[in-house]
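Chemist: Just need the structure, nothing else, for what follows:
(2 chains)
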Amino acid sequence: MTSASLFATSVALGLLVLSGGAYGVLYTLGVARSNPLLIRTSYACYAGQLLLVLAVCWGSPLASLWKLFIAVSGVAYGFIPPATWRLLETLHHNQAQ
Amino acid sequence: MYRSQKLALRYFVAAITLFGVMTAAGLLSALYYIDSSLLYNVFDFQMAKILHIDTLVIWLLMGFIGAVYWFLPKELGREVVGIWIAEVLFYVFCAAVVIVAVVFIVVQYGGSNEFSMWFINQGRKYVEAPRWAAVGVVVVVLAFVFNVTATAWRARKMTGLLGVLILDLVPLAVLYLDAFPKITNMSHDLYWWWWLVHMWVEATWEVLIGCLMAWSLMELMGTSRRIVETWLYIEVMLVLGTGILGLGHHYFWIGTPQYWLSIGGFFSALEPLPLLGMVVHAVYDAGANHMKTTNRPAFYWVLAEAFGNFIGAGVFGFMMTLPQINLYSHGTQWTVSHGHFAFWGAYGCGVIAIMYLILQRTRNAPEHFDSRAWKWGFGLLNLGLVGMVGGLLIAGITQAIYERAEGGSTLQAFVVASEHPWFRSAMYARFIFGLVFALGYLALVYDLLTIGRRVTVAAPAQTAPA
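Modeler: Sure, this is the predicted structure:
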């Protein structure tokens, strides 16, 4: 691995998780406040995350198995905020009843 | 107030004092990177680093123990069984910490013999305390386990939260026994040593802080027990599911079989996922309560805990956890950067949040618990921490590039990287932000001493700006 690819890959991996976090926060805030702009911004963050997944899979010198793992986890990130939100809603709804 | 809750306050005083020692030792450690001849042959870098790391472990442990002693009688509606043992052992614990610290500062090191191991320094990273003190830690933790389990037994009451806590206390005590090795093969020795270091931090402590945060959320936001317990089960399942085999990322380069590269990399890379769920949960809870709280300091520190954990452990961890990257980043300041951020986010912020929560009760300020100083403490500590980890990250990447990727990990490359302007500048930045952090610590101590004392008129619950 060259120093340039080491730097680019690790920064892309960090940004990948960070954009996943931004997606989660903005999605939750957007749904909680019924704010379509925030929800759209959260989807933009997720789209950014998928672009980073593509960049890592195409451009990084990581082994194929790790690229596959990153691709799968990139998809998984998409489900976590809505699934967590639904779970929390169900919990709170049951509690209220 | 129960006796165990008074004991909890004493534990918090000890914890916050050790937090100060940790900060001072950290600042001194940072100075050696600017002037490597500093205190040469008087007080070497290794001793400052030992003080910094060991006090980190002990202040957090004391914070956890104190928090449990606070919440336990409330949970069970009775005094802790054997509280006098806990009270005696608290003073024994404090005296042992002082003696060990004095030995580290004055005696520092001894010969390669049994006497040194028993009375000066055990020589094991992160658990350097001499063996007599390590035995003392085992006694304190076992007494703590006895206090919790015997109280639950005597109260004839078991909640889900308490059940998780008691189950977690077993590995908390047992794993520490890895601090007493008799193995001479270094790979075998490190293999088991990581069980202590990793499992305490990324398994048992995570579950412990999860239990404490669950109690805190019930008090702070009035979240129902059923919700926090359900969420705790999910969190424990996910954290243990990824954290236990995530241990493998420490096995990459210590002579263990090659399959650890795949196991460690895979499970470590999964670790950010439950952390993302926790962030979503924190934002949801804040939204569900419309950011309303009577304890803004605790509320903001809880939020800092969720975000700090995610960024420090999740983002910074994922940058360097895959084996192909870790080959270059392992053991550089990059790792130090990740360690600082993750510890602060996962545990430091959580313990401080609990302290504020408890102070609100002890200062009898149920409606209005606010001050200006906590904002300074919160801002300066977090700014200082972010600045420090930023500096360390730049220094670490410089090492990974110039010492490892380009230099081939030779001694010459190590020197070249250490003298590189990026590394030097980053180390200056780390020290300056360390000073900011230290100022934040002073503001925090001032606030903990004064907040809620001057309230005479009850004010309405406040809405924190989003």
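
Chemist: Please count neighbours and contacts with C-alpha atoms only from this point.
Modeler: Will do.

Chemist: Just give me the residue right at the centre of chain A.
Modeler: Among the residues of chain A, A:G20 comes closest to the average C-alpha position under CA atoms, centre = their mean, at 2.6 Å.

Chemist: Identify the residue nearest residue 81 in space, chain neighbours excluded?
Modeler: In the absence of a named chain, this looks at chain A. Sequence neighbours aside, A:G24 is the residue nearest to A:P81 in space, at 5.1 Å (criterion: CA to CA, 6 or more residues apart in numbering or on different chains).

Chemist: Sorry, I should have been clearer: chain B.
Modeler: Looking at B:V81 with CA to CA, 6+ apart, the closest residue is B:T151, at 5.0 Å.

Chemist: Equivalent analysis for B:A395, please.
Modeler: For B:A395, the nearest residue in space outside its immediate sequence neighbours is B:F423; the separation is 4.4 Å by CA to CA, 6+ apart.

Chemist: So which elements touch the helix or strand hosting B:L196?
Modeler: B:L196 belongs to helix B:186-199 when assigned by DSSP states H and E. Contact here means 3 or more CA pairs under 8 Å, 6 or more residues apart in numbering or on different chains; DSSP states H and E; on that basis helix B:186-199 packs against helix B:160-175.

Chemist: now for the helix it packs on, which elements pack on it?
Modeler: In terms of contact count using 3+ CA pairs under 8 Å, 6+ apart, helix B:160-175 is assigned the packing partners helix B:131-155, helix B:186-199, helix B:205-221, helix B:225-246.

Chemist: ok, residues contacting that helix?
Modeler: Counting by CA atoms under 8 Å, 6 or more residues apart in numbering or on different chains, the neighbours of helix B:160-175 from elsewhere in the structure are B:138, B:141-142, B:145, B:148-149, B:195-196, B:199-200, B:204-205, B:207-208, B:211, B:214, B:229, B:232.

Chemist: ok now that helix, how far from the chain's centre?
Modeler: Relative to the mean C-alpha coordinate of its chain, helix B:160-175 is positioned 18 Å out (CA atoms, centre = their mean, to the nearest Å).

Chemist: Could you do stretch B:3-22 as well?
Modeler: The gap between the average C-alpha position of stretch B:3-22 and the chain average comes to 15 Å, counting by CA atoms, centre = their mean.

Chemist: can you check stretch B:385-400 too?
Modeler: Mean-position distance between stretch B:385-400 and its chain equals 20 Å (CA atoms, centre = their mean).

Chemist: which other residues reach that stretch?
Modeler: For stretch B:385-400, the surrounding residues in contact (CA under 8 Å, 6+ apart) are A:3, A:7, B:328-329, B:332-338, B:340-341, B:414, B:417-418, B:420, B:422-424, B:426-427, B:429-431, B:433-434, B:437.

Chemist: What is the helix or strand containing B:L359 packed up against?
Modeler: Using DSSP H and E, B:L359 maps to helix B:349-362. Using 3+ CA pairs under 8 Å, 6+ apart as the contact criterion, the neighbours of helix B:349-362 among helices and strands are helix B:45-76, helix B:205-221, helix B:296-309.

Chemist: Other residues contacting that helix?
Modeler: Taking CA under 8 Å, 6+ apart as the rule, helix B:349-362 contacts B:12, B:60, B:63-64, B:67, B:70, B:209, B:212-213, B:216, B:219-220, B:295, B:297-302, B:304-305, B:366, B:369, B:448, B:452.

Chemist: Which ones, among the residues you listed, also lie beside chain A?
Modeler: Intersecting the contacts of helix B:349-362 with the surroundings of chain A, defined as CA under 8 Å from any CA of the partner chain, gives nothing.

Chemist: Mark which of those residues are buried, thanks.
Modeler: When burial is judged by neighbour count using 16 or more other CA atoms under 10 Å in any protein chain shown, the buried members of the contacts of helix B:349-362 are B:12, B:60, B:63-64, B:67, B:70, B:209, B:212-213, B:216, B:220, B:295, B:297-299, B:301-302, B:304-305, B:369, B:448, B:452.

Chemist: What helices and strands are in contact with the helix or strand of chain A with the lowest mean pLDDT?
Modeler: Using mean pLDDT, DSSP states H and E, the weakest-scoring helix or strand in chain A turns out to be helix A:64-96, at a mean of 87. Using 3+ CA pairs under 8 Å, 6+ apart as the contact criterion, the elements in contact with helix A:64-96 are helix A:3-32, helix A:36-59, helix B:225-246, helix B:272-288.

Chemist: quick one: which of those is nearest B:F45?
Modeler: Checking the helices and strands packed on helix A:64-96 against B:F45 by CA to CA gives helix A:3-32 as the closest, at 29.5 Å.

Chemist: and the angle from that closest one to helix B:296-309?
Modeler: Comparing the axes of helix A:3-32 and helix B:296-309 via axes from the mean of the first three to the mean of the last three CA atoms, to 10 degrees yields an angle of 140 degrees.

Chemist: in helix A:3-32, what's buried?
Modeler: Within helix A:3-32, the residues that qualify as buried by neighbour count (16+ other CA under 10 Å) are A:3, A:5-7, A:9-32.

Chemist: what's that helix packed up against?
Modeler: In this structure, helix A:3-32 makes packing contacts with helix A:36-59, helix A:64-96, helix B:272-288, helix B:316-320, judged by 3+ CA pairs under 8 Å, 6+ apart.

Chemist: returning to what we had before: now the helix holding B:L359 against helix B:45-76, angle please.
Modeler: Going by the same axes, to 10 degrees, helix B:349-362 makes 50 degrees with helix B:45-76.

Chemist: List the buried residues for helix B:349-362?
Modeler: By neighbour count, with 16+ other CA under 10 Å as the criterion, the buried positions of helix B:349-362 are B:349-360, B:362.

Chemist: Distance to B:Y176 added to those residues, as JSON lines?
Modeler: Listed next are the buried residues of helix B:349-362 as JSON lines, based on distance: CA to CA, whole Å:
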{"residue": "B:C349", "distance to B:Y176": "24"}
{"residue": "B:G350", "distance to B:Y176": "22"}
{"residue": "B:V351", "distance to B:Y176": "21"}
{"residue": "B:I352", "distance to B:Y176": "25"}
{"residue": "B:A353", "distance to B:Y176": "26"}
{"residue": "B:I354", "distance to B:Y176": "25"}
{"residue": "B:M355", "distance to B:Y176": "26"}
{"residue": "B:Y356", "distance to B:Y176": "29"}
{"residue": "B:L357", "distance to B:Y176": "29"}
{"residue": "B:I358", "distance to B:Y176": "29"}
{"residue": "B:L359", "distance to B:Y176": "31"}
{"residue": "B:Q360", "distance to B:Y176": "34"}
{"residue": "B:T362", "distance to B:Y176": "33"}
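
Chemist: Much appreciated, bye for now.
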